[in-house]
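Visitor: I need the structure of the sequence given here:
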Amino acid sequence: MKSVAPTVPSPSRREPVVATSTAASTRLLATVLLAAGVCAVCVVTDSLMQGWADAHLLSANMVLWGLAVLAIVLLRGLTRALAHKLMVRLDAWSAQLAHRRAEQRLWEMVQNDPRMRRDLEVAMGRAAAKHTVVRHPENRIFQRAAHWLRHRLRCMGGAWRGVSRRVQRRDAK
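Guide: Numbering: from 1, shown residues only. From the prediction side, this is the model:
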């Protein structure tokens, strides 16, 4: 007798792993919301039909299935729109959270690195001296960082005021 060894698919023949994208997540959320809505409609319908469902079992099942299909048809668009809005808000929230974390990391780096402190102080002095609208995005980002640092230093107290004045005087020369 010959024994046949089981064949294991090679890694190149395997199906690709599906990456979770925003569209797939939105569809999944819409499906879950639709299932929840249909379940709610079926539970309410069943509780309303409890009195006469025992005598008319076939009719009760037909009405229940009809309402389930009708709920699917009616709630389909609503759940898709709701899922899309919810995913957009969740994406915005996570982006905002990531931005806050990045600012916190930058602040910790500025506190520990004297070179970065010096660079931001120089940038604050230049931005204060110019008083002009900056049209380049790189400069706008730098100005925002300088404004943010100025606000943080004000919150810390007057420790950096002397350094800031010296930097401004040096840049004015």
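Visitor: quick one: the strands in the chain?
Guide: Here the chain has no strands by DSSP state E.
Visitor: which regions of it lie under the pLDDT threshold?
Guide: Residues of the chain meeting the criterion pLDDT under 70: 1-20, 53, 130-142, 152-173.
Visitor: hmm, 80 instead?
Guide: Applying pLDDT under 80 to the chain flags the ranges 1-22, 51-57, 111, 120-121, 124-173.
Visitor: could you pull out the helices for it?
Guide: 22-53, 57-112, 114-130, 137-156, 161-172 (DSSP state H).
Visitor: Can you tell me which of those is packed in deepest?
Guide: For these, average neighbour numbers computed from mean count of other C-beta atoms under 10 Å are highest in helix 114-130, which has a mean of 16. Placement of C-beta: from N, CA and C, glycine included.
Visitor: dump the residue contacts of residue 29.
Guide: Each residue near residue 29 by C-beta atoms under 8 Å, 6 or more residues apart in numbering is listed here: 83, 86-87.
Visitor: Looking at these, which is nearest residue 27?
Guide: Closest approach to residue 27 among the contacts of residue 29 (C-beta to C-beta): residue 83, at 7.7 Å.
Visitor: I'd guessed that closest one sits against residue 33; true?
Guide: Yes: with contact defined as C-beta atoms under 8 Å, residue 83 counts as touching residue 33 (5.9 Å).
Visitor: who touches the nearest residue to residue 84 once chain neighbours are set aside in this structure?
Guide: Nearest non-adjacent residue to residue 84, counting by C-beta to C-beta, 6 or more residues apart in numbering: residue 26, 5.5 Å away. Contact analysis of residue 26 by C-beta under 8 Å, 6+ apart lists 80, 83-84, 87.
Visitor: These: which two are farthest apart?
Guide: 80 and 87 (10.7 Å).
Visitor: so what's residue 150 up against?
Guide: residue 124.
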